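1. A structural model of the following input is requested.
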Amino acid sequence: MEYISPKSNTNINSEEVEEFESSSLEKLIGVFVEPLRIFKSISQFGAKSIDWLLPLLFFLLTLILSDLMVTSIPSIRYSMLEKQALNIRNKLEPLVEQGLITPDRINAQIENLKKSYDEGLTVRKIKEAGYITLFEFIRFLVTLLVFHFTFKFLYQGKIEIKKSLVALGLPFYIKAFGNVILIMAGLITSAYYQDLSIASIIGADRSTTFGFILGKLDLFAIWYFLIVSFGLLILHNLREKYKVIIIVFGIWLTSGLFFFWISKIVTNSVNPIL
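-> Take a look at the predicted model:
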């Protein structure tokens with residue numbers, strides 16, 4: 001029986017029909033080189049749990065390996081400790097100037113930070129792996145709900161949760177690849193990088209609004225949300241591709257800025273030396 005896919009007003013949609021469903025390996029490679037075809041194939045054969053769960057697990061694995069590398073290589077651990085110590089000084093020195101705390105309190109916090117990396121390292125890394133997994137999974141679910149219900153509201157109920165899961169989950173292969181690059185960069189330079197943003201490269205202070213903006217200028221983060229836009233567009237058969245892209249990036253930036261300012265308000269209103 002000949003199948004003719006329905007035409008769409010979306011320019012990136014095509015009338016090509018897949019004869020066979022793409023394998024998990026094809027989806028892994030395809031999300032990098034031909035994401036539109038991969039999402040069209042998923043739309044044709046149906047969204048499956050493995051299409052978002054496998055990329056998410058792969059991302060978590062690379063994230064945990066990246067975190068493990070920080071403490072397993074002394075030079076990288078030292079680099080990370082130096083950056084964290086600098087952040088502590090930047091946040092607490094204004095309190096010293098106001099007479100709220102003494103310089104010794106800053107030095108004590110830095111010493112405690114160093115001791116935490118030298119004592120109970122194995123147990124600490126196991127706990128961190130659990131925290132990372134739980135935190136990232138919760139963050140994924142929250143992000144999913146925000147995007148899903150925003151588009152469900154804007155497009156009057158045409159949005160299906162299982163398709164939104166794949167749209168946001170499959171591009172995690174891109175984030176995982178970014179973690180691999182971070183691991184390689186750390187091994188080559190013996191330095192710690194939080195991410196591959198402009199803020200990390202030039203060492204900008206992320207506690208400032210300018211530093212926050214530079215932190216968003218991350219190739220892999222931008223790449224991820226661009227592919228998410230394509231996934232939502234194709235899997236939900238939406239129109240106006242530029243509108244969808246603007247909405248996705250708008251949610252990403254405004255939500256990030258919102259929580260950035262909330263964290264600053266909390267930090268300024270609560271004594272951080274509790």
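2. straight-line length of stretch 204-221, end to end?
-> With Cα to Cα, to the nearest Å as the measure, stretch 204-221 spans 18 Å from end to end.
3. all helices for the stretch 101-250 of the chain, in order.
-> Counting by DSSP state H, counting those that start in this stretch, the stretch 101-250 of the chain has these helices, from start to end: 103-118, 121-154, 161-169, 172-189, 198-202, 209-216, 219-235, 241-269.
4. give me the low-pLDDT residue ranges for the stretch 1-150 of the chain?
-> Applying pLDDT under 70 to the stretch 1-150 of the chain flags residues 1-19, 71, 116-124.
5. nearest spatial neighbour of residue 143, chain-adjacent residues omitted?
-> The shortest distance from residue 143 to any non-neighbouring residue, by Cβ to Cβ, 6 or more residues apart in numbering, is to residue 168 (6.5 Å). Backbone N, C-alpha and C define where each C-beta goes, glycine included.
6. my guess is that neighbour contacts residue 142, does it?
-> No - Residue 168 is beyond contact range of residue 142, at 11.0 Å (criterion: Cβ atoms under 8 Å).
7. so the residue nearest to residue 133 when sequence neighbours are not counted is in which element?
-> Closest residue to residue 133 apart from its sequence neighbours, by Cβ to Cβ, 6+ apart: residue 60 at 5.5 Å. Assigning secondary structure by DSSP states H and E places residue 60 in helix 50-72.
8. where's residue 243 relative to residue 153, distance?
-> Distance of residue 243 to residue 153, given as Cβ to Cβ, to the nearest Å: 14 Å.
9. look at these two and report which has more neighbours.
-> Neighbour count, other Cβ atoms under 10 Å: between residue 243 and residue 153, residue 243 has more, with 13 against 10.
10. what pLDDT does the more buried one get?
-> Note on residue 243: pLDDT of 94.
11. which one's more surrounded, residue 168 and residue 142?
-> For residue 168 versus residue 142, neighbours defined as other Cβ under 10 Å are more numerous around residue 168 (26 against 11).
12. what residues are up against that one?
-> Shown in contact with residue 168 (Cβ atoms under 8 Å, 6 or more residues apart in numbering): 52, 140, 143, 144, 147, 228, 231.
13. buried ones among these?
-> With burial judged by 16 or more other Cβ atoms under 10 Å, the buried subset of those is 52, 140, 144, 147, 228, 231.
14. measure the closest residue in space to residue 92 that isn't next to it in sequence to residue 96 for me?
-> Setting aside the residues directly before and after it, residue 92 is nearest to residue 106 in space (Cβ to Cβ, 6+ apart), at 5.0 Å. Noted for residue 106: a distance of 7 Å to residue 96, by Cβ to Cβ.
15. ok, the two, which is more surrounded?
-> A direct count of neighbours by other Cβ under 10 Å for residue 106 and residue 96 places residue 106 higher, at 19 against 15.
16. hang on, the earlier thing: can you put the buried ones among the contacts of residue 168 in a markdown table and add distance to residue 67?
-> A markdown table is the format used below for the buried ones among the contacts of residue 168 (distance: Cβ to Cβ, whole Å):
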| residue | distance to residue 67 |
| --- | --- |
| 52 | 23 |
| 140 | 17 |
| 144 | 23 |
| 147 | 26 |
| 228 | 24 |
| 231 | 27 |
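17. hmm, which two among the residues you listed are most spread apart?
-> Largest separation among the buried ones among the contacts of residue 168 by Cβ to Cβ: 140 and 231, giving 14.1 Å.
18. okay, residue 240: pLDDT?
-> Note for residue 240: predicted pLDDT of 87.
19. quick one: contacts for the residue lying closest to residue 174 once chain neighbours are set aside?
-> Of all residues not flanking residue 174 in the chain, residue 224 sits nearest, at 4.9 Å (Cβ to Cβ, 6+ apart). For residue 224, the contacting residues are 171, 172, 174, 175, by Cβ under 8 Å, 6+ apart.
20. so how far is residue 83 from residue 224?
-> For residue 224, the distance to residue 83 (Cβ to Cβ) stands at 24 Å.
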